[in-house]
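Enquirer: Give me the fold of what follows.
(one chain, ligands or ions: 1)
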Amino acid sequence: MDQASLEEVFAGLPLGPVRYYERTGSTNDEAARWVENGAPDLALVVADEQTAGRGRLGRSWYTPPGSALAFTLVMKNAPQEEILPYTALGALAVSAALDKHYALKPQIKWPNDVLVSGRKLAGVLVEAFWRGEQLQALILGIGINVATESVPTEANLQFPATSVESSLGRPVDRWTLLKQALQALLDWRPLVGNPEFIQAWEDRLAFRGEWVQMSEAVSETTRPIEMGQVDGLNSDGSLRLMTSDGKVHTIRSGDIRLRPVDNLPE
Ligand code: BTN
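Expert: Numbering: from 1, shown residues only. Now for the predicted structure:
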């Protein structure tokens, strides 16, 4: 892939300027630098390989060459009370594209991991840039495991993982999938935070009705805080979790990790 060919792939999509890298540290870091230097709305950074890809909660994200998608979109004018649903926008867009074009049925592990058959195949890292009290831009970074080689070995995984190609059992053109995911993102963006958007997100919510362990991130490790049944989403995208005493808790923080539990409370 190269810059000119990628721009051809994107023909017809109302994107901002595009920067393509054969190899970079992290597309989020590139986009952050670009924001500081005046990146416009919908500026897009794409890389074939990341050498220092970042995941949520300070984790690293594996993007070997020739096998994955790693890209970051700059979003200006996001209302600051809606940062949480913006984090779901990426996951919803990837899920919608995989559903529409590949007949997969992805689910979203709150707030923003994409799972197929209980295994993660895409992750989203949203970062906010403030100028004083003013939200200047959000950058929405998405990583998709497309080919099998993009899936880290089990030893390096926090959660079971898969790829688009192993879920489908056939090869997939990465750049076509990128265009489809961006198209879905552009389609959903005007609806972020609307009831229709929250409903679409909730329809894909993983572990609904199941018991999960919530953990809070404490630096690099996590601390279990609550066990509960996933009840659904509130209208602002926060997660409702029902504990064994019947109380419904609202989880807003993104620094939370969900794990299905095997041993249910009595
Ligand atoms: C996660 O699941 O923890 C989030 C993973 C986000 C990875 C993407 S790849 C493109 C962008 N650049 C990064 O360094 N991270 C995000």
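
Enquirer: how about the residues of the stretch 1-150 of the chain that lie near the ligand?
Expert: Residues of the stretch 1-150 of the chain lying near the ligand by C-beta under 6 Å from any ligand atom: 26-28, 50, 53-56, 59, 61, 70-72, 113, 123-125, 141-143. Quick note: C-beta positions are derived from backbone N, CA and C, even for glycine.

Enquirer: how many other residues sit next to residue 174?
Expert: 21 (other C-beta atoms under 10 Å).

Enquirer: residue of the protein with the smallest distance to the ligand?
Expert: Nearest residue of the chain to the ligand, counting by C-beta to the nearest ligand atom: residue 123, 2.1 Å away.

Enquirer: That residue: neighbouring residues, count only.
Expert: Neighbours around residue 123, by other C-beta under 10 Å: 24.

Enquirer: What of residue 165?
Expert: As a burial measure, residue 165 scores 20 neighbours (other C-beta under 10 Å).

Enquirer: so which strand or helix has residue 237?
Expert: Using DSSP states H and E, residue 237 is not contained in any helix or strand.

Enquirer: so what's it up against?
Expert: Listed by C-beta atoms under 8 Å, 6 or more residues apart in numbering, the contact set of residue 237 reads 84, 85, 88, 111, 193, 198, 201.

Enquirer: try 7 Å
Expert: Counting by C-beta atoms under 7 Å, 6 or more residues apart in numbering, residue 237 touches 84, 85, 88, 198, 201.

Enquirer: and if you look at residue 17?
Expert: residue 43.

Enquirer: what about it, distance to residue 45?
Expert: In this structure, residue 17 and residue 45 are 10 Å apart, going by C-beta to C-beta, to the nearest Å.

Enquirer: Does the residue lying closest to residue 16 once chain neighbours are set aside belong to a helix, a strand or coil?
Expert: The shortest distance from residue 16 to any non-neighbouring residue, by C-beta to C-beta, 6 or more residues apart in numbering, is to residue 42 (3.7 Å). Under DSSP: H, G, I helix; E, B strand; the rest coil, the three-state class of residue 42 is coil.

Enquirer: Wasn't residue 83 part of a helix?
Expert: Yes. Residue 83 forms part of a helix when assessed by three-state DSSP.

Enquirer: Once you drop chain neighbours, what's closest to it?
Expert: Nearest to residue 83 is residue 128, by C-beta to C-beta, 6+ apart, at 6.0 Å.

Enquirer: Give me the distance between the strand or helix carrying that neighbour and the centre of its chain.
Expert: Taking DSSP H and E as the criterion, residue 128 maps to strand 119-131. From the chain centre to the centre of strand 119-131 is a distance of 6 Å (C-alpha atoms, centre = their mean, to the nearest Å).

Enquirer: same thing with stretch 227-239?
Expert: Offset of stretch 227-239 from its chain centre (C-alpha atoms, centre = their mean): 18 Å.
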